[in-house]
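In: got a predicted structure plus its sequence, pasted below:
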Amino acid sequence: MKIEPTAALALKAVIENDLRLIEEMNPRLDGFAGPEVNERDLATVGYGLHNLYNALENSFDQISRTFENHIVDTARWHRELLAKMFLDIPTVRAAVLSGAGRSLLHEMLRFRHLFRHGYDFELDAAKLHALLTRWQRGREGVTNDLRIFAARLTPP
């Protein structure tokens, strides 16, 4: 990965800050154990999952801007951005994420889109609980991938 030392340190700081925010959000969601919660709790979980994905996507966006900065389809840029994080781009950068978190992150992206843009829908407690459970099981792999990528940004 060729990147100017200042840009590498700035990107590393962004990723580490987003990871810190994610770590702060996780305990707030861990208290919601079952699919039978009231409407307020559903909204809290939805908002939390929305914010978790936003923090992840912020890191993905900054990584893309720092290295390749090339989004072709502006109508589908969120999906394209996520897909790029799984790519190893020789001479540009290593893959940010391993394939293990791919389906989880795609599901979180779809949920975040619905949560952000759906004005006439009700949160489904069972589906929301399933997504939260998937995040709780898969978050360590996703955040570890980001930590590993950030560690590679430290100049020699």
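Out: Nice, thanks for sending it over.
In: tell me the centre residue of this protein?
Out: For the chain, the residue nearest the mean C-alpha position is Leu56 (2.7 Å; C-alpha atoms, centre = their mean).
In: how much space between it and Phe149?
Out: Taking C-beta to C-beta, to the nearest Å as the measure, Leu56 falls 12 Å from Phe149. No exception for glycine: its C-beta is placed from N, CA and C like everyone else's.
In: please apply the same query to Pro27.
Out: The value you get for Pro27 to Phe149, if C-beta to C-beta is used, is 24 Å.
In: cool, Asn54 as well?
Out: For Asn54, the distance to Phe149 - C-beta to C-beta - is 18 Å.
In: the more surrounded of the two?
Out: Taking other C-beta atoms under 10 Å, Asn54 and Phe149 do not tie; Phe149 has more neighbours (21 against 14).
In: just checking, the more buried one touches Gln62?
Out: No - Phe149 is not in contact with Gln62 according to C-beta atoms under 8 Å; the separation is 11.3 Å.
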